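Provided below are the primary sequence and the corresponding predicted coordinates.
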Amino acid sequence: MRGNLITPSLIATLIWALGLTITSISAEIIVAPVDGVIGPASARFMVQVIDRAEQSGAECVVFELDTPGGLDESMRLVIKRILSAKVPVVIYVSPSGARAASAGAFITMAAHVAAMAPGTTIGAAHPVNIMALKPPDTNLTAKIENDAAAYIRAIAEKRHRNVEWAERTVKESVALSETEALASNVVDLVAASLDALLENIHGRNVSVGDDVRTLNTRGARIARVAMNWRDRFLATLANPNVAYVLFMLGLLGIYFEFATPGTIGPGAVGAICLILAFFAFQTLSVNYAGVLLIGLAIVLFVLDIKAATYGVLTAGGLVAMFIGSVMLFDTPVSTLRVSMHVVIPVVLATGLFFVLGAWLSLRALRRKPTTGDAGLVGLEGDVRTAVTPQGGRVFVAGTHWSAFSKEVIPQGSPVRVIGVHGLVLEVEPVVRN
């Protein structure tokens, strides 16, 4: 009989191998792309991703970040969730050409691991004066700036990153390339790809709450998640170009409803567009001077149609609309402003719409009237009872009328209306060749 081949050492080896297998199978890294403006939709998405990672016991979360900035409230919501996360959060500024500007710089600094792809930038985190109607108050601006600087300093200190640079990016809007950021201790590493990132952070120790975690990312399973359709829709609204077009469509729809009461459709669509535009405005640095100039432009267009100033007010309206469109979003960040490729076609199309309306109104004024008393003059009919200077009956425009003439016109003769006196027509005989 053969001896027992299962020895204690073999059992230990099998358990160790099984443990490695289970670890490799269970290790999961959640990767989520975040691009565009940091607003309520993107902030909610990032929070939900971290929640999912904690519930599933993921090894870490990697956010592939590309943002020009966004709303301060949304940014702080994301940062608070990162700082309280029970799983490591990695911010990876990618792909090449991406940036972590303004709110993105704050979020990157708050990550457990901050990384950048080649050809990316970080910084320019000076706070923007949200919804400015007039030049910002100096004292208020200073308070907002100092608050933002203190906030990013606290984040940098907690993550042991460059505190001096963190303050400068708020107060001086400085920005760094990926190599400069790495050399300045703003980020932890530069990685050319996600695979390279996961390989480089494998074995790195990070502080998660009161614990120190060692990242086990080599060979881990990657689970990619993306925004659902609702969040993607809300994030799309935060695009300044989309918000601008919705605002213009809303104004035109409301104008058309007032110009032609009872059509309902344009007014309903316009109201919906305006509501969506104002929802987007809360995530953007709206300058209400620009809103007022665009509103003034619409008023000038309407007055030109009503007063027939032959295009003078329309020209002024086009100028006001163009300036208002340029001023609409008050921010030095180009991607948070309306593109000129959108402004120019929208202004020209809107101007053309009102110019066409003015031309049609002018043509209508010059056209011979077809309704009312004036519309009867020149029409022809026939005599139903003989018409004399004292009276008679004629049939004109499908109706019987009382009529008189300077001469006697027998029954059945064709006549032409030459005047209207109340409900009595003055007619003359029509001579047929």
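Arrived safely, thanks for sending. Numbers count the residues shown, from 1 in each chain.

And the average pLDDT for whichever helix or strand Gly351 is part of is what?
Assigned by DSSP states H and E, Gly351 belongs to helix 340-366. For helix 340-366, the mean per-residue pLDDT is 76.

What of stretch 73-81?
Averaged across stretch 73-81, pLDDT comes to 93.

For Arg213, which residues are in contact?
88, 205-207 (CB atoms under 8 Å, 6 or more residues apart in numbering). To be clear about C-beta, it is placed using only N, CA and C from the backbone, and glycine gets the same treatment.

would you say it is within a strand?
Yes. Read with DSSP: H, G, I helix; E, B strand; the rest coil, Arg213 is one of the residues of a strand.

any idea where the helices of the stretch 151-300 of the chain begin and end?
For the stretch 151-300 of the chain, the helices defined by DSSP state H, counting those that start in this stretch cover 163-171, 178-183, 194-201, 229-237, 240-259, 265-281, 288-307.

Among these, which comes closest to Val62?
In terms of CB to CB, the element of the helices of the stretch 151-300 of the chain nearest to Val62 is helix 194-201, at 7.1 Å.

Put the alpha carbons of that closest one into CSV.
Output in CSV follows, covering the C-alpha atoms of helix 194-201 (Å, rounded to 0.1, in the frame of the first residue of the first chain):
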residue,chain,number,x,y,z
LEU,A,194,-3.1,53.5,-17.3
ASP,A,195,-1.1,50.2,-17.3
ALA,A,196,2.1,52.1,-16.5
LEU,A,197,0.4,54.0,-13.7
LEU,A,198,-0.9,50.8,-12.1
GLU,A,199,2.6,49.2,-12.4
ASN,A,200,4.3,52.3,-10.8
ILE,A,201,1.9,52.5,-7.9
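
how about it: buried residues?
By 16 or more other CB atoms under 10 Å, the buried positions in helix 194-201 come out as 194, 197-198, 200-201.

Stretch 285-294 too?
285-291, 293-294.

Return the distance of the residue lying closest to Ala41 once chain neighbours are set aside relative to Ile91.
In this structure, Ala41 finds its nearest non-sequential neighbour in Leu234, 3.7 Å apart by CB to CB, 6 or more residues apart in numbering. Going from Leu234 to Ile91 by CB to CB, to the nearest Å gives 22 Å.

residue contacts, Thr236?
Taking CB under 8 Å, 6+ apart, one finds Val242 in contact with Thr236.

for Ala156, same thing?
By CB under 8 Å, 6+ apart, Ala156 lies in contact with 109, 162-163, 165-166.

ok, now Gly422?
Counting by CB under 8 Å, 6+ apart, Gly422 has no contacts.

Likewise for Val424?
Counting by CB under 8 Å, 6+ apart, Val424 has contacts 391, 401-404.

if we can go back for a sec, among the contacts of Arg213, which one has the most neighbours?
Pro88 (25 neighbours; other CB atoms under 10 Å).

Mark out where each domain of the chain begins and ends.
Domain ranges of the chain: 22-230, 239-366, 372-429, per automatic domain parsing.

what's the least confident stretch among the ones you listed?
Of all those, domain 239-366 has the smallest average pLDDT, which comes to a mean of 80.

Show me how far it is from its chain's centre.
Computed by CA atoms, centre = their mean, to the nearest Å, the separation of domain 239-366 from the middle of its chain amounts to 16 Å.

next one: stretch 73-80
20 Å.

Quick check: nearest residue in space to Val225, chain neighbours excluded?
Counting by CB to CB, 6+ apart, the residue nearest Val225 is Ala32, at 5.0 Å.

Give me the neighbour count for the one you found.
21.

Where do the strands of the stretch 301-433 of the chain begin and end?
380-388, 391-396, 399-404, 414-421, 424-429 (DSSP state E, counting those that start in this stretch).

Partner strands of the fourth one and their direction?
Going back to what we said before, that points to strand 414-421. Sheet pairing of strand 414-421 (DSSP bridges) gives strand 380-388 (antiparallel), strand 424-429 (antiparallel).

Of those, flag the one that's most buried.
Neighbour counts (mean count of other CB atoms under 10 Å) averaged over each of those peak at strand 424-429, with a mean of 19.

If you compare the directions of that one and strand 391-396, what angle comes out?
Using axes from the mean of the first three to the mean of the last three CA atoms, to 10 degrees, the inter-axis angle of strand 424-429 relative to strand 391-396 is 80 degrees.
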